[in-house]
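In: Got a predicted structure plus its sequence, pasted below:
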2 protein chains.
Amino acid sequence: MKIGVFDSGVGGLTVLRELVKLVPQADYLYFGDTARLPYGSKSVETIQKYAVSATKYLEQQGAEMLVIACNTATALALDAIKASTKLAVAGVIEPGAEAAAAATKKKNVLVIGTEATIGSHAYRTALEKRGVRAAEKACPLFVPLIEEGWAEHDITQRVAHVYLDEFFQDPDRSPDLMVLGCTHYPLIKPMLRAVAPWRVEIVDSAEATAAVVAKQLSSPGHSQLATRSSQLRFFATDSVEKFRRLGERFMGRAIANVEHVDIEA
Amino acid sequence: MKIGVFDSGVGGLTVLRELVKLVPQADYLYFGDTARLPYGSKSVETIQKYAVSATKYLEQQGAEMLVIACNTATALALDAIKASTKLAVAGVIEPGAEAAAAATKKKNVLVIGTEATIGSHAYRTALEKRGVRAAEKACPLFVPLIEEGWAEHDITQRVAHVYLDEFFQDPDRSPDLMVLGCTHYPLIKPMLRAVAPWRVEIVDSAEATAAVVAKQLSSPGHSQLATRSSQLRFFATDSVEKFRRLGERFMGRAIANVEHVDIEA
């Protein structure tokens, strides 16, 4: 089984990291559309066009299933991607919403993400379907702060307070769970845990998505080889060197085999 | 005279704002490549390809002269753009370096900009040719902070201290002038003035570039009509609405006539 994993950049590597742990029987093709990132601040039409061309490329390279490891692309382009392919396509939002709905006791959660993801209200819609009330907050500075290597900087913590404090001021009305609706955010999870009140649970859609894919693939017809280690190939539309350097922080291990792709050609 | 002004996004509007003041006898076509921004964190090859396709578009629309109102595109793609057109092409770096060299007494300046602009050492090269020593510092968080609308937020000032304080610690060796090597930075000029020691002069390459274009066009053969107001047309590759909303802060006035362009088509 060869799984194509798609993101606008390196953030989706936090999903790939979880997939490799939970689904070692698969091999992976990872596509980072780094020449056209970030998707988070762009319009629906632009994101759909980019996402469809990228996932088509993964299919041409032999992917047999697609994981859209990008919240913005899932929020705005999942239907367009599904319409453009016969492969099974998994996004990150349904798994994240499902995990959040299962874990919240107050049925009241906060979702954080990029401007485009939050503007789409995809999480709110998915959560309301499950009887959960969702506040949503765009946090556009988190991605550049994380990419600057400031995941543990006290300035990043202050930015988090500016974005989030208002949601936790009234204990009666405050959410008991926060959804990390952007694949960059697992890198600031320890800091976010310190910024939110200690009772607030954090759901990471990267983990939730990998768990859903694992469940699908461990159904009869797919073999489990726990000792196997997955083969990984990486494609990036911008600098291979930068992808490798930045990506290792997200993947949590060395990255080899990054190939440059000129997707407009 | 119709001048094509090109930037990756809205930052170049700070250059257009100065051009309209100093060269009112021209009309302007402004192209913001917002679907593919930011250029500042991308590779040379990618930036060249994007910049050439964008300036070709401006030429097709009737531009008779090109102003590359983007430091990153000037640093990395000015030669490629010049090779692709017969029009006169002005960048922002030579004017900025010239103005800085004329104003520094210590012949010792600091240049700040995006990762790609600073990595190219284009300013340092241009300044050393003029006998000026240049320290360079990439400040990748300034653009997202400005686009978040935090130009006056104290967090932005703290980020500036993190980036810049080391350069001003030793009064004997510290620069007496700072070049704003990114067209977004005029929006944080008052804050930067407070962060740098008061003796440090600030050179804004947007102003310097407009002055150079004004000088070129006021040569015999071009008429000066001081009471005329320029006609402006704007093109954006991503959301027209977002361009208008964000752009008004950079342009310092209302923006109309934004047209969407699909440049890959």
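Out: Received it, and whenever you're ready, just let me know what you need. Numbers count the residues shown, from 1 in each chain, chains lettered A, B, ... in the order given.
In: which residues does A:Tyr163 contact?
Out: Contacts for A:Tyr163 were tallied using Cβ atoms under 8 Å, 6 or more residues apart in numbering or on different chains; they are A:112, A:137, A:139, A:141. No exception for glycine: its C-beta is placed from N, CA and C like everyone else's.
In: Any idea how many residues pack against the nearest residue to the last one once chain neighbours are set aside?
Out: Same thing as A:Leu141. Nearest non-adjacent residue to A:Leu141, counting by Cβ to Cβ, 6 or more residues apart in numbering or on different chains: A:Val159, 5.3 Å away. For A:Val159, the count of nearby residues is 25 (other Cβ atoms under 10 Å in any protein chain shown).
In: So stretch A:168-188, near chain B or not?
Out: No - shown here: stretch A:168-188 not in contact with chain B (Cβ under 8 Å from any Cβ of the partner chain), separated by at least 12.8 Å.
In: For the residue lying closest to A:Ala88 once chain neighbours are set aside, which residues are in contact?
Out: In space, and not counting its chain neighbours, A:Ala88 is closest to A:Met65: 4.9 Å by Cβ to Cβ, 6+ apart. The neighbourhood of A:Met65, defined by Cβ under 8 Å, 6+ apart, consists of A:1-4, A:87-90, A:213.
In: Quick one: buried ones out of those residues?
Out: A:2-4, A:87, A:89-90, A:213 (16 or more other Cβ atoms under 10 Å in any protein chain shown).
In: surely A:Pro24 meets A:Gln231?
Out: No - using Cβ atoms under 8 Å, A:Pro24 is not in contact with A:Gln231; the gap is 10.6 Å.
In: Spell out which parts of the stretch 1-150 of chain A neighbour chain B.
Out: So the stretch 1-150 of chain A meets chain B at A:34-36, A:38, A:41-43, A:46, A:140-141, A:143-145, A:147-148, A:150 (Cβ under 8 Å from any Cβ).
In: Could you list which of those residues belong to strands?
Out: If you go by DSSP state E, the residues of the stretch 1-150 of chain A next to chain B have nothing in strands.
In: Just give me the least confident of those residues.
Out: Within those, A:Ser41 has the lowest pLDDT, namely 81.
In: Give me the nearest residue to that residue, chain neighbours excluded.
Out: Per Cβ to Cβ, 6+ apart, closest to A:Ser41 is A:Glu115, 5.4 Å.
In: Quick check: which helices or strands does the top helix by length along chain A pack against?
Out: In chain A, with assignment by DSSP state H, the single longest helix is helix A:44-60. Under the contact criterion of 3 or more Cβ pairs under 8 Å, 6 or more residues apart in numbering or on different chains; DSSP states H and E, helix A:44-60 touches strand A:2-7, strand A:27-32, strand A:65-68, helix A:71-83, helix A:115-120.
In: quick one: contacts for the residue sitting nearest the centre point of chain A?
Out: Among the residues of chain A, the one closest to the centroid is A:Thr183, at 3.3 Å (Cα atoms, centre = their mean). Neighbour list for A:Thr183: A:7, A:11-15, A:69-71, A:92, A:205-206 [criterion: Cβ under 8 Å, 6+ apart].
In: go with 6 Å
Out: Going by Cβ atoms under 6 Å, 6 or more residues apart in numbering or on different chains, A:Thr183 touches A:11-12, A:14-15, A:69, A:206.
In: before we move on, the earlier item: how about a markdown table for the helices and strands packed on helix A:44-60, with mean pLDDT and distance to B:Glu128 added?
Out: Below are these laid out as a markdown table (pLDDT from 0 to 100; distance: least, Cβ to Cβ, whole Å):
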| stretch | mean pLDDT | distance to B:Glu128 |
| --- | --- | --- |
| strand A:2-7 | 97 | 40 |
| strand A:27-32 | 97 | 36 |
| strand A:65-68 | 98 | 48 |
| helix A:71-83 | 96 | 42 |
| helix A:115-120 | 93 | 40 |
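In: Check the stretch 51-200 of chain A for the residue nearest chain B and tell me.
Out: Nearest residue of the stretch 51-200 of chain A to chain B: A:Pro144, at 4.2 Å (Cβ to the nearest Cβ).
In: which parts of the one helix or strand the residue nearest to A:Leu141 maps to are buried?
Out: Assigned by DSSP states H and E, A:Val159 belongs to helix A:154-164. Neighbour-count burial for helix A:154-164 flags A:155-157, A:159-160, A:163-164 (criterion: 16+ other Cβ under 10 Å).
In: Could you report the neighbour count for whichever residue of the stretch 151-265 of chain A sits closest to chain B?
Out: Residue of the stretch 151-265 of chain A nearest chain B, by Cβ to the nearest Cβ: A:Ser239 (3.9 Å). Residues lying near A:Ser239 (other Cβ under 10 Å) number 20.
In: tell me the secondary structure for A:Pro197?
Out: Three-state call for A:Pro197 (DSSP: H, G, I helix; E, B strand; the rest coil): coil.
In: and A:Val89, that's in a helix?
Out: No - under three-state DSSP, A:Val89 sits outside any helix and is assigned strand.
In: Just list the residues touching it, thanks.
Out: A:Val89 neighbours (Cβ under 6 Å, 6+ apart): A:66, A:81-82.
In: if we can go back for a sec, pretty sure the residue of the stretch 151-265 of chain A closest to chain B contacts B:Ser43?
Out: Yes - applying Cβ atoms under 6 Å as the test, A:Ser239 and B:Ser43 come out as touching, 3.9 Å apart.
In: where's the residue of chain A positioned farthest from its centre, which helix or strand?
Out: Taking Cα atoms, centre = their mean, the residue of chain A most remote from its mean C-alpha position is A:Asp172, at 30.2 Å. Assigned by DSSP H and E, A:Asp172 belongs to no helix or strand.
In: Not counting sequence-adjacent ones, nearest residue to A:Leu110?
Out: Closest residue to A:Leu110 apart from its sequence neighbours, by Cβ to Cβ, 6+ apart: A:Pro175 at 4.3 Å.
In: quick one, what contacts that neighbour?
Out: With Cβ under 6 Å, 6+ apart, A:Pro175 has these contacts: A:108-110.
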